[in-house]
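Q: the sequence isn't on hand, but the structure is:
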């Protein structure tokens, strides 16, 4: 990130990419947000490394299928979206897993591209750490490789 932000041409490309995701902000705001996210992810990585292997509940995942009851899953959690033949697409976090997955399936217009595969109900204070662990484990395309493959 530092190399991108220190190179004027790469910084312009970064700003243009950021603008496609969230229009209406200036270059400083996009760059500040990226630095903030990097700092937050470092904290998640450190916490995730602490929990990984010691907290068995992160691997107690629940499969997602057509019988999933959105209303009964109101707790915080981390979820895995897949595309095609179960290729990991995205790991997300939320304070209400049922509501988020229902919205993803019904209102986002993405249901033809991605679908929920598994969820992990985890305490809200550990969401970032668990998300980091699952990103490292599954290497989902939209969390892991997206910026590198767009040029």
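A: Received the coordinates, thanks. Keep in mind the model is a prediction, meaning the values are calculated, not measured. Residues are numbered from 1 along each chain as shown.

Q: check contacts around residue 118.
A: Shown in contact with residue 118 (Cβ atoms under 8 Å, 6 or more residues apart in numbering): 61, 62, 63, 64, 79, 80. Where C-beta positions appear, they are placed from N, C-alpha and C, glycine not excepted.

Q: quick check: the gap between it and residue 86.
A: Distance, residue 118 to residue 86, by Cβ to Cβ, to the nearest Å: 10 Å.

Q: swap in residue 18?
A: Applying Cβ to Cβ, the value for residue 18 to residue 86 is 30 Å.

Q: these two: who's more crowded?
A: Higher neighbour count among residue 18 and residue 86: residue 18, with 18 against 10, using other Cβ atoms under 10 Å.

Q: just the element for the more buried one, please.
A: helix 8-21 (DSSP states H and E).

Q: same check on residue 101?
A: Applying DSSP H and E as the criterion places residue 101 in helix 97-106.

Q: over to residue 79?
A: Assigned by DSSP H and E, residue 79 belongs to strand 77-83.

Q: that strand to helix 97-106, inter-axis angle?
A: Strand 77-83 and helix 97-106 are oriented at 20 degrees to each other (axes from the mean of the first three to the mean of the last three Cα atoms, to 10 degrees).

Q: okay, now the sheet partners of strand 77-83, with direction.
A: strand 87-94 (antiparallel), strand 114-121 (antiparallel) (DSSP bridges).

Q: good, we can wrap up now.
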